[in-house]
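Student: kindly generate the corresponding structure for this input.
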Amino acid sequence: MVLHNFTKLVHYLSAACGNLESNKSKTSHPIYHPQFIEVDKYLTSQYLLKLIKIVGYHPYPLDELSLMASAVQYHMPDIIIDIGTHQGKSARIWFELTQHFGIQTSIHTIDIFDPNHPEFPGHALGKFIRDIPVEQHIGEGYEISCDLIKNYF
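Tutor: Have a look, this model is predicted:
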């Protein structure tokens, strides 16, 4: 379900913001197998045990961490846009995964600043991405996403 919704979001943003094409050569990466949709699950599994020490397993259990790692390895994205920063765990996961697998990417995370929202984390907003090269944006996710995509491609 998560992958299906993610795919729908990518297609939606692509249509809304213009077609997205990457200049990155995917065939030169040793993990990428163009004839199959697969990644090296042994490399992924080895690293997930280390990743859990950094971000824990809540709210992302092992199967979701594995899906995120596989998506990064297979697609080798030029840009990752994470909508809903909160404490920054998912953005930190994307960062750690791209670093581990040697994938050059630009990571952005977007959240609203609303102290009246019941889930507003206060001073903990973005705490997992402090002091790492993840760019945090405050504002409306769709508009900022479109601007990032248009400016990046």
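
Student: so Glu119 is in contact with Gln87, correct?
Tutor: No - using Cβ atoms under 8 Å as the test, Glu119 is too far from Gln87 to be in contact (10.3 Å). (Each C-beta comes from the backbone N, C-alpha and C, glycine too.)

Student: neighbour count for those two, which is higher?
Tutor: Taking other Cβ atoms under 10 Å, Glu119 and Gln87 do not tie; Gln87 has more neighbours (17 against 7).

Student: surely that one forms part of a strand?
Tutor: No - secondary structure of Gln87 (DSSP: H, G, I helix; E, B strand; the rest coil): coil, not part of a strand.

Student: list the buried residues in stretch 82-94.
Tutor: Judged by neighbour count using 16 or more other Cβ atoms under 10 Å, the buried positions of stretch 82-94 are Asp82, Ile83, Thr85, His86, Gln87, Gly88, Lys89, Ser90, Ala91, Arg92, Ile93, Trp94.

Student: against Pro115, how distant is the last one?
Tutor: The span separating Trp94 from Pro115 equals 26 Å under the rule Cβ to Cβ, to the nearest Å.

Student: kindly report the same for Ile149.
Tutor: Ile149 is 29 Å from Pro115, by Cβ to Cβ.

Student: contacting residues for the residue sitting furthest away from the middle of the chain?
Tutor: Note on the chain: the largest C-alpha distance from the chain mean falls to Asn116, namely 26.8 Å (Cα atoms, centre = their mean). If a contact means Cβ atoms under 8 Å, 6 or more residues apart in numbering, then Asn116 has no contacts.

Student: now Glu119
Tutor: His86.

Student: how far away is it from Ile110?
Tutor: As defined by Cβ to Cβ, Glu119 lies at a distance of 15 Å from Ile110.

Student: what's the answer for Gln46, then?
Tutor: Separation of Gln46 from Ile110 (Cβ to Cβ): 31 Å.

Student: please apply the same query to Tyr42.
Tutor: Tyr42 is 34 Å from Ile110, where distance means Cβ to Cβ.
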